[in-house]
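Trainee: Structure for the following, please:
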Amino acid sequence: MATAVDAKKGGQKDNYNSCHQHKQSNASKELNKQILRAFLHDPKHKSFDKGHKGERFRCKDEKDVNEFVKEFEIDDIPHFSVFQEDHVGEAHEIAVQMSRQPIEQVIDAFAYLRTCYPSSPYIEHLSRVTFMEHPRTRECLLPPPEQTMPYSYFRENSMMWGLTKKGEDAMVVMGTNKKHHRKMNILPTNAKFDKERCLSWWREDLGLLNHFYNWHLSYPYPPNPPRDRQGELFAYMHQQMLARYDFERISRGLPRVVPYGPGYGWNKPLKEGFNPKLKFSSARPANMSLGSENYSFAKTSTEELEKFKDRIQFAIARGFLYDKNEVKVKMTMNNLGNTILANEGSVNKTLYGNVHNHGHLIIANANDPSGMYNMAPGPMHEDQTSPRDPVFYRWHKFIDQLFEEHRFTMDPHKAKDLQFSGVELENLNVKLEPEDYHKKKVDKPLDTKNHFYTYREGKKYDVYNTNKDQEAIKVKTQSMDHIPYSFNMKAKNKNRGDVMMCFRVFLVPETDEPLDDWRNMFVELDKFVESFKGGETKEINRSDKDSSVIAARRAKFEDIKDGKSNSATQNNCGCGWPLNLLIPRGTKQGMRGQIFVLASDWMQDGENPQEHLHGSWSYCGLKDRKSKYPDQRPMGYPFDRLIVDKKGKPMRDLETLVNNMDNSCKTDVNITFLGAWDDENKKQKDDKKEKNDDKKEKKDEKKE
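Mentor: Numbering: from 1, shown residues only. Now for the predicted structure:
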């Protein structure tokens, strides 16, 4: 079944601006193989030893420096951060210049830089931005960043395990020794009473980290102008991350995220400590206070951020912002988002500051605000590591509170305005697909109707740039996934004329709280379009793999090297929610929730109704930076604001909402966690049980 309007019927050619299904030519595949050199260090080069040992040196001053590196004066930026405007500005300027050069010489330059700085986040960022800008490589596939920059994605104990399995002396390779190695990053943590630890698997999921990293690559900061509705998408994408994280917290009996920022506990100790166990990130002790002194890296202070926050709140209350010429600019979600994000679309950066980015930098550098001790920043400093830290969600809850203040000022949605005359939805169900998927893994029958099942399994990844050759090592990690499913429903068009329906699908935990208090808990599962002839009734079937929020299967380094990349893989944007986290974990007993679907008129909602849509456009938009966001409705519609009934009173619950609209439907679902599936986890579990049984037997014998 089509995931959107049939482009051929509409007389339109397929638009491959999204991040899915790009067909590669043989020439592109060959160029792709050459690009891989730019992501691997060269152990034969004499500068390799310096870079591999982590020595600080200026590669552009070396005698045999690459010609382009010398010409453009490219060097590493220590502690690079996309939240630092001058860092991103420098990367952009060099990328623009490099994108005008012959691609072969560009690849040579980055291969040299990678050899000098094999673990540099800046070189990684610069190379990806350049290849995304270069006309020869815009449609090429780039290897996943966790394979080319593994120290930013995998814990040190995982890296040491992989190096040891490879036959390397892990202590030496990682720049330490057996007497003085950092046990805190290798041995299990002793934080038994840290409740946040139970969700580390979610925060450290590679797909989630990659989504966040690639979103910031696709939606850059200055000096690029903002993309269409970038400010609003910034708000919505992060709000959805919070909703999904809150869903997981509720399943583990934890409260929803509490905001942390100016006016929200900013002046009190931050109770959450965190040790990321990464080679290049520092830990943060519990109950740490943010100093009032100037933060040299961010060139700001906590007091200054408080001042900018107050100005933004005053602007929200008034309904307008002041630009540089003191002209009033209407307050909108997009204007507010761009101003908080402090990109080139900010209404007035001097007046309203750089709240979002500087908050990241202040929290990340709280253990060394002045830089006196040259300590590595915490994970909040980088986009690929930020989501690992529990405080990331508290900080973004504070940011979302600013957006929520604006949402409260908007005119509410009236139930009658959400209706689609002549359209009816009914018989919404979820089914497992295929039904025999679980037979080898589960020893009990599963409910195949209106039931989601999740499980945990171990995975191994090939990663590079870790040792003194170009061969990969294998590292292992745990991840959550779900049994594949599809949902189906019956949709009727009772109108005489043809219509195009946009189906908006949400998942929400069951609650007895008022709908408006629970509005930010609705997780978008999918959004797709279907055409209906006058009087036509259709059975709609939709697979989880077709979702508009998920990323495509990413081409691995090995796929690109072997020329196996095909139309099933994405092009270089890589943005999108991971399929394995599409459904929340749930509980072993079964967590109750509801799926809600609303059908709206796509002829009115669509920016270009005949456009063929596919890919992760809900959270990421379309790939082309000049393209419009496909849906003209507010992001998150209809839960982007208060919904009221015909009397103007807040809609009480989801049941009442559905009863007021024939063009909507809902169904109750259960989400059950099945536990660990892979053999290694099962063996560890059995060994632990056997050990406990032995202890019990000895204890009983002692009593006798």
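Trainee: now the nearest residue to residue 201 once chain neighbours are set aside: how far from residue 158?
Mentor: Distances taken as C-beta to C-beta, 6 or more residues apart in numbering put residue 478 closest to residue 201, at 5.8 Å, once the chain neighbours are dropped. C-betas here are computed from N, CA, C, even on glycine. Distance of residue 478 to residue 158, given as C-beta to C-beta, to the nearest Å: 10 Å.
Trainee: Looking at those two, which is more packed in?
Mentor: residue 158 (20 against 16; other C-beta atoms under 10 Å).
Trainee: Spatially, what comes nearest to the more buried one if we skip its sequence neighbours?
Mentor: residue 475 (4.6 Å).
Trainee: What's the separation between that neighbour and residue 212?
Mentor: Taking C-beta to C-beta, one finds residue 475 at 20 Å from residue 212.
Trainee: Which of those two has more residues huddled nearby?
Mentor: With neighbours defined as other C-beta under 10 Å, residue 475 and residue 212 compare such that residue 475 has more, 24 against 19.
Trainee: Assumed the residue nearest to residue 201 was part of a helix.
Mentor: No - Residue 478 sits outside any helix when classified using DSSP: H, G, I helix; E, B strand; the rest coil, being strand.
Trainee: For it, list each beta-bridge partner.
Mentor: Using DSSP bridges, the beta-bridge partners of residue 478 come out as residue 458.
Trainee: Hmm, it is touching residue 205, no?
Mentor: No - contact between residue 478 and residue 205 fails when scored by C-beta atoms under 8 Å: they sit 9.2 Å apart.
Trainee: circling back to that earlier point, can you point out the buried residues in the helix or strand encompassing the residue nearest to residue 158?
Mentor: Here residue 475 sits within strand 473-482, counting by DSSP states H and E. Neighbour-count burial for strand 473-482, with 16 or more other C-beta atoms under 10 Å as criterion, is recorded at 473, 475, 477, 478, 479, 480, 481, 482.
Trainee: For that strand, report the contacting residues that lie outside it.
Mentor: 150, 154, 158-159, 161-163, 165-166, 168, 201-202, 204-207, 452-463, 466-467, 544, 580-583, 585, 681 (C-beta atoms under 8 Å, 6 or more residues apart in numbering).
Trainee: following it, which helix or strand shows up next?
Mentor: That would be, after strand 473-482 and using DSSP H and E, strand 485-493.
Trainee: Name the residues that touch that following strand?
Mentor: Here strand 485-493 has contacts from 422-433, 452, 499, 501, 503, 505, 530, 532-544, 583, 595, 597, 599, 665, using C-beta under 8 Å, 6+ apart.
Trainee: The helix or strand just after that strand pairs with which strands?
Mentor: The helix or strand immediately downstream of strand 485-493 is strand 499-509, counting by DSSP H and E. The strands beside strand 499-509 in its sheet (DSSP bridges) come out as strand 523-532 (antiparallel), strand 591-601 (antiparallel).
Trainee: just so I know, which of these lies nearest residue 398?
Mentor: strand 523-532 (20.7 Å; C-beta to C-beta).
Trainee: what inclination does the helix or strand following that closest one have with respect to strand 591-601?
Mentor: Using DSSP H and E, the helix or strand that follows strand 523-532 in sequence is strand 537-543. Angle of strand 537-543 versus strand 591-601, following axes from the mean of the first three to the mean of the last three C-alpha atoms, to 10 degrees, is 130 degrees.
Trainee: Need phi/psi at the closest residue to residue 349 other than its chain neighbours.
Mentor: By the measure of C-beta to C-beta, 6+ apart, the closest residue to residue 349 outside its immediate chain neighbours is residue 342, 5.6 Å from it. As for residue 342, its main-chain torsions (degrees, to the nearest 10) stand at phi 60, psi 40.
Trainee: Give the PyMOL command for selecting the buried subset of the contacts of strand 473-482.
Mentor: Buried members of those can be picked out in PyMOL with the line below, counting by 16+ other C-beta under 10 Å:
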select buried, resi 150+154+158+159+161+162+163+166+168+202+204+205+206+207+452+453+454+455+456+457+461+463+466+467+544+580+581+582+583+585+681
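Trainee: For the closest residue in space to residue 318 that isn't next to it in sequence, list the residues it contacts.
Mentor: Once flanking residues are discounted, residue 318 sits nearest to residue 331: 7.6 Å by C-beta to C-beta, 6+ apart. Going by C-beta under 8 Å, 6+ apart, residue 331 touches 315, 316, 318, 319, 320, 321, 406, 409.
Trainee: so where is the protein shaky, pLDDT-wise?
Mentor: The chain contains residues with pLDDT under 70 at 1-24, 45-63, 166-193, 434-441, 443, 565-573, 678-704.
Trainee: and residue 525, how many residues sit next to it?
Mentor: 23.
Trainee: Residue 582 is in contact with that one, correct?
Mentor: Yes - Residue 525 lies in contact with residue 582 (C-beta under 8 Å); the separation is 6.9 Å.
Trainee: Between these two, which contacts overlap?
Mentor: In contact with both residue 525 and residue 582: 547, 549, using C-beta under 8 Å, 6+ apart.
Trainee: need the contact list for residue 561.
Mentor: Contacts of residue 561 (C-beta under 8 Å, 6+ apart): 33, 36.
Trainee: I figured residue 447 was touching residue 670, is that so?
Mentor: Yes - here residue 447 lies in contact with residue 670, judged by C-beta under 8 Å, at a distance of 7.4 Å.
Trainee: Please identify which of the two sits among more neighbours.
Mentor: residue 670 (18 against 13).
Trainee: Show me what the more buried one is bridged to.
Mentor: Under the criterion used here (DSSP bridges), residue 670 is bridged to residue 451, residue 592.
Trainee: The closest residue to residue 588 other than its chain neighbours: neighbour count?
Mentor: Excluding the flanking residues, the one nearest residue 588 by C-beta to C-beta, 6+ apart is residue 673, at 5.3 Å. The tally of other residues near residue 673 (other C-beta under 10 Å) stands at 20.
Trainee: mind checking the backbone torsions on residue 673?
Mentor: Dihedral angles (degrees, to the nearest 10) for residue 673: phi -90, psi 120.
Trainee: Test my guess that residue 374 contacts residue 365.
Mentor: No - counting by C-beta under 8 Å, residue 374 does not reach residue 365; the two are 11.3 Å apart.
Trainee: who has more neighbours, those two?
Mentor: Counted by other C-beta under 10 Å, residue 374 and residue 365 do not tie: residue 365 has more neighbours, with 26 against 8.
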